[in-house]
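K.L.:
make a model of this:
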Amino acid sequence: MFSVPIRISSSGLKCTECQAEARTLVDIVVTHDLRVTFTDDRLNAQIQSRRIQNDLDRGRSIVTSEQEQTAAQKRGAGASASGSTPERKTAVQPDGKLASQQTGEVFVDCGAAPFDFDKKNDLNYFVRTIPPQGEQRIYWGKDLPRALEEAGAKVGDSIAATRVASKPVTVEEIQEQPDGSKQTVRIDAKRNSWQVDNRGVNREALIKAYDVLVKTPEDRKKLEISAPLLVAARDQVVVQLKREKLAAELNQRNLQNHTVRSHERTHDLSLEEVTRAYDRVRGRQLGSAVFISDLATELQIGLPKLHEWIHSCCLVLRRMIRRDS
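P.N.:
This is a model prediction of the structure:
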């Protein structure tokens, strides 16, 4: 069996009537393990979450960049960030207010891994975020993939994850018997239920989160490998901001030109007046070239009128040359 990466436009799946078809499409892609990339990031996120959930159900770990760090480092990060514990153990986190910050936290990445990234622990699911304070935070819970999918959250969005309740479940666990053999037993446990509030892209928060992770060009290269979706989301925001800044500058320039035209003088220009204006503009700048737009602004006239005056001067000069010749 082989797979070929393809891109499919999913703009037609964004309407409310097509949500059922979108869910069916996700089921087909995940069930048949198709290597398909959509132009709709939310569909890609749903497929990723569904695949991870399936891997969790099968007890299979997904290799992520987080696991490259030492277990001790991740235990410290996980404990200080979420305060959550494996679902079989007693929860010690504050009730229902784990991440209720008004501005939300930037969704960095997620995946399946042993709890606290310690191979001795059971397989779990993590979500990594960066809150406004800038310190990375990690949440653990097997219900998180469902909560992320329901919220339509994708990497780069600002989210708030809250543990809302615990429900009793029966899970299978491999236990070692007195004779040394291993046996699968069913035990009662509690599973945390999560709710994810998706607040969309906060551009300022996204850029700040990126800056927390990237201090050097080498950091950028590592992040492109470990969290490519976050890098792409940040770069897209930067491009948007640059375009908006350029549009604002052009709008301001057009407004200034309109103001000049509204106060444009009605009397004809004289050669002496234009010469004095030229000398003033040239005297205020370092270079010798004088742009015609700067000269029009100095004369408080619009560019069309100055072009017209220059053209008329050229016509007069040509007549004089023909007459003298």
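K.L.:
next up, identify which helix or strand the closest residue in space to residue 190 that isn't next to it in sequence is on.
P.N.:
If the residues on either side of it in the chain are set aside, residue 190 comes closest to residue 166, at 4.5 Å by C-beta to C-beta, 6 or more residues apart in numbering. All C-beta spots, glycine's among them, are computed from the backbone N, C-alpha and C. Using DSSP states H and E, the secondary-structure element containing residue 166 is strand 158-176.
K.L.:
can you pull out the low-pLDDT segments for the stretch 1-150 of the chain?
P.N.:
Along the stretch 1-150 of the chain, the parts satisfying pLDDT under 70 run over 1-20, 41-42, 45, 49, 51-102.
K.L.:
my guess is residue 203 meets residue 244, correct?
P.N.:
No - under the criterion of C-beta atoms under 8 Å, residue 203 is not in contact with residue 244, lying 10.0 Å apart.
K.L.:
just give the nearest non-adjacent residue to residue 150, would you?
P.N.:
For residue 150, the nearest residue in space outside its immediate sequence neighbours is residue 196; the separation is 7.2 Å by C-beta to C-beta, 6+ apart.
K.L.:
thought that neighbour was touching residue 159?
P.N.:
Yes - applying C-beta under 8 Å as the test, residue 196 and residue 159 come out as touching, 5.5 Å apart.
K.L.:
overlap in contacts of these two?
P.N.:
Counting by C-beta atoms under 8 Å, 6 or more residues apart in numbering, the contacts common to residue 196 and residue 159 are 151, 153.
K.L.:
pick out the residue closest to the middle of the chain.
P.N.:
Centroid check for the chain by C-alpha atoms, centre = their mean gives residue 233 as the closest residue, at 2.8 Å.
K.L.:
skip the chain neighbours and tell me the closest residue to that residue.
P.N.:
The spatially closest residue to residue 233, leaving aside those adjacent along the chain, is residue 156, at 2.9 Å (C-beta to C-beta, 6+ apart).
K.L.:
likewise residue 134?
P.N.:
Leaving aside its chain neighbours, residue 134 sits nearest to residue 212 (5.0 Å; criterion: C-beta to C-beta, 6+ apart).
K.L.:
with residue 294 instead?
P.N.:
Leaving aside its chain neighbours, residue 294 sits nearest to residue 281 (5.2 Å; criterion: C-beta to C-beta, 6+ apart).
K.L.:
now the helix or strand that residue 294 is a member of: buried residues?
P.N.:
Secondary structure here is read from DSSP H and E; on that basis residue 294 sits in helix 292-299. Counting neighbours by 16 or more other C-beta atoms under 10 Å, one finds that the buried residues in helix 292-299 are 294, 295, 296, 297, 298, 299.
K.L.:
helices or strands next to it in the packing?
P.N.:
Packed against helix 292-299 by the contact rule (3 or more C-beta pairs under 8 Å, 6 or more residues apart in numbering; DSSP states H and E) you find helix 228-262, helix 271-283, helix 303-324.
K.L.:
of those, which is nearest residue 181?
P.N.:
Shortest separation from residue 181 across these is recorded for helix 228-262, at 44.2 Å, computed as C-beta to C-beta.
K.L.:
quick check: mean pLDDT of the closest one?
P.N.:
Computed over helix 228-262, the mean pLDDT rounds to 83.
K.L.:
OK, contacts around residue 128?
P.N.:
66, 108, 109, 110, 136, 137, 138, 139.
K.L.:
I meant to write residue 184 there.
P.N.:
Residues near residue 184 by C-beta under 8 Å, 6+ apart: 172, 173, 174, 175.
K.L.:
identify the residue nearest residue 36 in space, chain neighbours excluded?
P.N.:
Here the nearest residue to residue 36 in space, its sequence neighbours aside, is residue 29; by C-beta to C-beta, 6+ apart that works out to 5.4 Å.
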